[in-house]
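[1] whatever this is, show me its structure:
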Amino acid sequence: MFLTSSRAVHQLFILNICLQVFDGIATYVAVGSPAGEGNPLLALAMTHVGIGTALLLFKLKACGCLYLLRRMSGHALVGVSFAGLAATYTAFSFIPWMSRIIEML
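    Now for the predicted structure:
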């Protein structure tokens, strides 16, 4: 199956890292907008340590978790997990942020 191959798992890992970086940059740029930050834990952290530091810590944690999942690539559900995470971030981060960016153009 495609999602169990080492190459597919690696590509999905890279895709997920890219989605995390995109989400962090888009959030950093737009956090001062009226929409604000939707994640209450991240919003609270931003008030205590600053926007950049909070985003960096949260995204490093997310990328660390992705790395740990990548290290388990021998297991059958790792590829499916990466695909599910990528689909979730695409639907709830990438598409909404890109829609806002396109509206601004």
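[2] can you classify the residue nearest the centre of the chain by secondary structure?
    The centroid of the chain falls nearest to residue 20 when counting by C-alpha atoms, centre = their mean (2.8 Å). Following DSSP: H, G, I helix; E, B strand; the rest coil, residue 20 is assigned to helix.
[3] now do the strands in the chain.
    Read by DSSP state E, the chain holds no strands at all.
[4] in it, where is pLDDT below threshold?
    Filtered on pLDDT under 70, the chain yields the residue ranges 1-3, 32-36.
[5] go with 90
    Residues of the chain meeting the criterion pLDDT under 90: 1-6, 29-39, 43, 73-76, 97, 100-105.
[6] measure the residue nearest to the centre of the chain to residue 67 for me?
    Separation of residue 20 from residue 67 (C-beta to C-beta, to the nearest Å): 11 Å. Glycine gets a C-beta too; all of them are placed from N, C-alpha and C.
[7] then residue 97?
    In terms of C-beta to C-beta, residue 97 sits 24 Å off from residue 67.
[8] separation between the residue nearest to the centre of the chain and residue 75?
    21 Å.
[9] ok, now residue 104?
    42 Å.
[10] who has more neighbours out of these two?
    A count of neighbours by other C-beta atoms under 10 Å puts residue 75 above the other of residue 104 and residue 75, at 12 against 6.
[11] look up how far residue 42 lies from the more buried one.
    The value you get for residue 75 to residue 42, if C-beta to C-beta is used, is 29 Å.
[12] also residue 54?
    Distance from residue 54 to residue 42, by C-beta to C-beta: 6 Å.
[13] show me what contacts residue 57?
    Shown in contact with residue 57 (C-beta atoms under 8 Å, 6 or more residues apart in numbering): 45, 49.
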